[in-house]
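**Student:** Can you look at this prediction? I've put the sequence above it.
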Amino acid sequence: MNEDKKMPSIIQMIKNFSRDLAVYIAKGSPNVSEEDYKERLETCETCPSFNKYAMRCTTCGCLVEHKAKWKTTFCPEEKWKPQNEEK
């Protein structure tokens with residue numbers, strides 16, 4: 001958990017968020033189960049790329065508490081279990 005690790009640029013974070021949001025909306029805004037959401041957050045909290053003060057992933061710059069809810073998103077470090085794309 002490195003709070004000093006540099007985040008992506010604001011432009012890159014906007015691009016990442018916009019891409020993730022577009023896919024999420026296009027797929028009908030599906031969310032993961034509460035159990036999977038908690039598991040994703042726990043995974044992030046133990047990851048060296050997690051900035052706990054900003055609640056952001058330093059790899060992609062996402063706000064973890066939001067991105068972890070979306071079934072259509074993935075961990076850039078490939079640490080989340082795959083989700084079925086079906087609703």
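**Tutor:** Received it, and whenever you're ready, just let me know what you need. As the structure is a prediction and not an experimental result, all values here were calculated from the model.
**Student:** any weak-confidence spans in the chain?
**Tutor:** 1-4, 84-87 (pLDDT under 70).
**Student:** now the residue most central in space within it: how far from Pro76?
**Tutor:** The structure's the chain has its C-alpha centroid closest to Lys67; by CA atoms, centre = their mean the separation is 3.8 Å. Remark: distance between Lys67 and Pro76 (CB to CB, to the nearest Å) = 10 Å. Placement of C-beta: from N, CA and C, glycine included.
**Student:** for Ile14, helix, strand, or coil?
**Tutor:** Secondary structure, DSSP: H, G, I helix; E, B strand; the rest coil: Ile14 is helix.
**Student:** give me the number of residues near it?
**Tutor:** 12 (other CB atoms under 10 Å).
**Student:** so Val23 sits right up against Phe74, yeah?
**Tutor:** No: counting by CB atoms under 8 Å, Val23 does not reach Phe74; the two are 10.1 Å apart.
**Student:** More neighbours: which of these two?
**Tutor:** Neighbour tally, Val23 and Phe74, criterion other CB under 10 Å: the higher count belongs to Phe74, 15 against 12.
**Student:** Just give me the neighbour total for the closest residue to that one other than its chain neighbours.
**Tutor:** Distances taken as CB to CB, 6 or more residues apart in numbering place Trp80 nearest to Phe74, at 6.3 Å, with adjacent residues excluded. By the criterion of other CB under 10 Å, Trp80 has 18 neighbours.
**Student:** Can you tell me the element Trp80 falls in?
**Tutor:** Using DSSP states H and E, Trp80 falls within no helix or strand.
**Student:** Is it in contact with Lys71, as I believe?
**Tutor:** No: using CB under 8 Å, Trp80 is not in contact with Lys71; the gap is 10.6 Å.
**Student:** Quick check: nearest residue in space to Lys69, chain neighbours excluded?
**Tutor:** Nearest one to Lys69, counting by CB to CB, 6+ apart, is Asn31 at 5.1 Å.
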